[in-house]
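In: Pasting a predicted model and its sequence here:
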Amino acid sequence: MSAPTAPAAPTTPPAPEAPTTATASAPHLVKWLTRLHRPALTVWTVLVLVLAAALLWLWGPLTEGSARAWEHYATCTADPCHYNQYAILLYKDVYQYTTLAVLVVPFLVAAWAGGSLIGREMESGTARLAWTQGISPTRWLAAKLAVPTVLVTVGTGALVLLHHAMWSAGDGRIDTAKPWYSFETFYAGGTVPVALALAGLAAGALIGLVQGRSLAALGGGLGVTGLLWFGVHMALPHLWPTTTRVTSLQDGVKGSGIGVRTGVLTASGARVGDQGCGRGDSPECRAAFDRVDAVGYYTEYHPRSHFWPLQLMASGLLLVVTALLVLAAFRVLHRRTTASAPARAEAAV
Amino acid sequence: MTETALEATALGKRFGRKGGWALRDCAFRLPAGRVCAVVGPNGAGKSTLLALAAGLLAPTEGTVTVLGTHPGQARPRVGFVAQDKPLYHQLSIAEMLRVGADLNPGRWDAATAERIVAGGDLDPRKRIRALSGGQRTRVALALALGKRPELLLLDEPMADLDPLARHELMGVLMAQTAEYGTTIVMSSHVVAELEDSCDHLLLVGDGRIRLSGELDELLAAHTRVSVPAETDLAPHTVVESRGTGRQVSALIRPAGPLPGDWRTTAPSLEELVLSHLRSPEAPALTPAARTEELPA
């Protein structure tokens, strides 16, 4: 896979202006930003390193230990069977905590972007300080988005890749491992958290600019990120064509993955609802199936091979939203600070 | 050097689509090299005017030209200190000055900035958040002057300073304008604070420019007269008149020679400002079209 390309680094800020003096060389924006946000940079580095270490631990020793314990359990003939239950539980716990931590990353980024990166600067007036220290507002915003975009993409990208590799290592060997389509495993092991983190960054920045208050932007960034995730989760099953599987009435509904729709297939080939029966075979259900002339079940679902297509489509959708948020942020900033008034008359010098 | 430091034409700023006008129909011209006082009551629009000139706010209508160009283009050549003296509180003074160096490559004058900070006996390793209001003002001024601005915009710069620091920093500013020809525009609602150091005046009242021009000329254009109550003051422009029994004391702009029996005195700057602020309906004196070029 490839990490999504960063959308938040604008190649064409919609401002007509640029630093003009020929004598001025480029300002040291990266130096300025890292000096300004050193605590955040430190926290981010530590967070990514600690989480990565936990995922590596899980990937290697813990997966191995848990898999061996399950193997032992499966082939156990003694009664009572002495297998390493501790290894199984440790894997499960650490898996759950690290997965949750990976999923929380986009929210951390959004809260920071709204609260600290932009909101606090607008609230305390230090944004204006920067704008009068030689960098234009659009350049200020571009730098403030571009540097975190790189760091967030690299950090989050590394974490989700590790998570995916870690999950794959235990796949089929650990009986209690989460299936690929479980909510947390699906999201933590794909590109969605990366795109969601970038969307959170853009949302926090936009709200910070518009609101001009740190706390409101922090909350707003969190809220928008949550909403975006919810939206993407709702849209997810429809982002890629589903696979249909037909099974007989005796076999019941089959097909493991992200289910979209199930029902019964009639003799004429029409797909109808399951008549409120699910896979029940009570006399009422059989009567109901007979009434519609049901011959089998159908299931529309996403099998495991749809994992990456779904991930990439969902990430793409989020990146489009991110791009729109970034564009809106630049427009708001430009209109408030540097735009000329309409019907402008050029003053003679 | 540009001849005109700051020029506004029909400049207006409204906050929000339905908000009131913070500034409207402003027209004035400030020649380069002047020290200009922007005076007016709280909420008159002084800060808005300075923010427009600094390129921090986009005008709703009209234009403001800074050093002969768009405020955004002039940014590297303009220094600005906002009223609340925003600084990065998490940094030390030395780091704060390094920010100035990072953001103003090719222009930054570290020696000047450090000298201004050192004048306040400040330890460069001290955090900004640990500084007093006056000390922050000093660091903010150091940042603004460190970029060697051609135009320095200061919003209520002296409000937090003790008399000693005020005197010293005013001296630094005057030296700056004497040495480099820096144009300084500073706002205040305390008129007395500016009288000795400024040679140009912008009086802002209720979002409009009430007076604009060289201080000497503005003072010379006005006369305080004391006449019997029934005297007709026409054709002179009456800025303000106050009756005290049988006598009327008025500040007027003489349209010609005054009758010899009128008792006249020259108004002080404070009188001039207060009279205009007390009489919002008095006509403004803003010789925007005047293209005089007087030595400072």
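Out: On my side now, so go ahead. No experiment lies behind these values; they were computed from the predicted model shown.
In: Sort out which residues of the helix or strand B:Gln135 falls within are buried, please.
Out: In this structure, B:Gln135 sits in helix B:133-146 according to DSSP states H and E. Using 16 or more other Cβ atoms under 10 Å in any protein chain shown as the test for burial, helix B:133-146 gives B:134-146. C-beta: built from backbone N, CA, C; applies to glycine.
In: Who are the packing partners of it?
Out: strand B:78-81, helix B:93-103, helix B:110-119, strand B:151-155, helix B:163-180 (3 or more Cβ pairs under 8 Å, 6 or more residues apart in numbering or on different chains; DSSP states H and E).
In: Tell me which of the ones you listed sits nearest to A:Gly276.
Out: For A:Gly276, the closest of those is helix B:93-103, at 67.7 Å, according to Cβ to Cβ.
In: buried stuff in the least confident helix or strand in chain B by mean pLDDT?
Out: When the helices and strands of chain B are scored by mean pLDDT, DSSP states H and E, helix B:192-195 comes last with a mean of 75. Neighbour counts over helix B:192-195 (16+ other Cβ under 10 Å) mark B:Glu193, B:Leu194, B:Glu195 as buried.
In: quick one: contacts for B:Asp109?
Out: Residues near B:Asp109 by Cβ atoms under 8 Å, 6 or more residues apart in numbering or on different chains: B:Leu145, B:Gly146, B:Lys147, B:Arg148.
In: ditto for A:Leu236
Out: By Cβ under 8 Å, 6+ apart, the residues touching A:Leu236 are A:Ile258, A:Leu310, A:Ala314.
In: do that again at 6 Å, thanks
Out: The contact partners of A:Leu236, by Cβ atoms under 6 Å, 6 or more residues apart in numbering or on different chains, come to A:Ala314.
In: what's the spacing between it and chain B?
Out: 39 Å (Cβ to the nearest Cβ, to the nearest Å).
In: In a helix, that residue, correct?
Out: Yes - A:Leu236 sits within a helix when classified using DSSP: H, G, I helix; E, B strand; the rest coil.
In: quick one, strands of chain A?
Out: For chain A, the strands defined by DSSP state E cover A:243-248, A:258-266, A:271-272, A:294-302.
In: I'd like to know which elements the first one is packed against.
Out: Where contact means 3 or more Cβ pairs under 6 Å, 6 or more residues apart in numbering or on different chains; DSSP states H and E, strand A:243-248 is packed against strand A:294-302.
In: from the middle of its chain, how far away would stretch A:129-141 be?
Out: 31 Å (Cα atoms, centre = their mean, to the nearest Å).
In: got it, and stretch B:135-149?
Out: Computed by Cα atoms, centre = their mean, the separation of stretch B:135-149 from the middle of its chain amounts to 17 Å.
In: Can you tell me what sits against stretch A:59-75?
Out: A:Tyr83, A:Asn84, A:Ala87, A:Ile88, A:Tyr91, A:Val94, A:Met166, A:Ala169, A:Gly170, A:Arg173, A:Ile174, A:Asp175.
In: Could I get the pLDDT score of the fifth one?
Out: Listed pLDDT for A:Tyr91 reads 91.
In: do you know how far the closest residue to it other than its chain neighbours is from B:Thr137?
Out: Nearest residue to A:Tyr91, sequence neighbours excluded (Cβ to Cβ, 6 or more residues apart in numbering or on different chains): A:Ser66, at 3.7 Å. Using Cβ to Cβ, to the nearest Å, A:Ser66 is found at 63 Å from B:Thr137.
In: just the strands in the stretch 151-296 of chain B please.
Out: B:151-155, B:183-188, B:200-205, B:208-214, B:223-228, B:237-244, B:247-253, B:263-265 (DSSP state E, counting those that start in this stretch).
In: Just checking: what are the partner strands of the fifth one?
Out: Paired with strand B:223-228 in the same sheet, following DSSP bridges, are strand B:247-253 (antiparallel), strand B:263-265 (antiparallel).
In: Between strand B:237-244 and it, find me the angle.
Out: For strand B:223-228 against strand B:237-244, the angle by axes from the mean of the first three to the mean of the last three Cα atoms, to 10 degrees is 50 degrees.
In: Pull strand B:223-228 out as CSV, backbone CA atoms only.
Out: Extracted C-alpha coordinates of strand B:223-228, given in CSV (Å, rounded to 0.1, in the frame of the first residue of the first chain):
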residue,chain,number,x,y,z
THR,B,223,-8.2,79.9,17.4
ARG,B,224,-9.9,80.1,20.8
VAL,B,225,-12.0,83.3,21.0
SER,B,226,-13.9,84.8,23.9
VAL,B,227,-16.7,87.1,22.8
PRO,B,228,-19.9,88.6,24.1
